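1. everything below, folded, please.
(one chain, ligands or ions: 1)
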Amino acid sequence: MTARRPRFQRYTDAERKAALRKYRKARAAGKSPTAAARSAGTDIAVIERWEDEAATPVKFTPRDRACLGCSITFRSAHPGNRLCPKCSGAIAALPAAWSA
Ligand SMILES: [Zn+2]
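-> Numbers count the residues shown, from 1 in each chain. Model (predicted):
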């Protein structure tokens with residue numbers, strides 16, 4: 001006996017891929033988004049969320065930024081990473097009383 005899947009239950013990656021494949025096939029065959037989602041065994045709201053997630057770029061792309069401590073350009077891992085390894089290392093090495 002197969003249990004009926006609740007509308008917004010989380011899907012595994014494999015289930016998601018299979019549903020998206022069926023959905024795109026149905027869309028290519030001329031079905032409406034709603035009908036295609038239903039024939040893929042899911043809901044158009046779920047499909048849209050998946051497609052949004054796939055279209056969202058990775059949040060933190062490493063890029064070159066100027067160090068706030070010494071102004072050299074270094075490879076910054078994310079927007080909060082504004083000190084070069086040398087400066088962040090120097091701050092970490094300060095006696096605790098200096099940063100109090
Ligand atoms: Zn620096």
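2. show me where pLDDT drops low in this structure?
-> Applying pLDDT under 70 to the chain flags the ranges 1-9, 57-59, 97-100.
3. what ranges do the helices span in it?
-> Using DSSP state H, the helices found in the chain span residues 13-28, 33-39, 44-55, 85-93.
4. and among the ones you listed, the most buried is which?
-> Counting by mean count of other Cβ atoms under 10 Å, helix 33-39 has the highest mean neighbour count of the helices of the chain, with a mean of 16. (C-beta placed from N, C-alpha, C; glycine too.)
5. which strands or helices does it pack on?
-> Packed against helix 33-39 by the contact rule (3 or more Cβ pairs under 8 Å, 6 or more residues apart in numbering; DSSP states H and E) you find helix 13-28, helix 44-55.
6. just tell me which of these ends up closest to the ion.
-> Minimum separation from the ion across those (Cβ to the ion) falls at helix 44-55, 35.6 Å.
7. which residues touch the closest one?
-> 7-8, 11, 16, 19-20, 23, 33-34, 36-38, 40 (Cβ atoms under 8 Å, 6 or more residues apart in numbering).
8. try stretch 83-100
-> With Cβ under 8 Å, 6+ apart as the test, stretch 83-100 has contacts from 67, 68, 69, 70, 72, 74.
9. now do 10 Å
-> With contacts defined as Cβ atoms under 10 Å, 6 or more residues apart in numbering, stretch 83-100 is touched by 65-76, 81-82.
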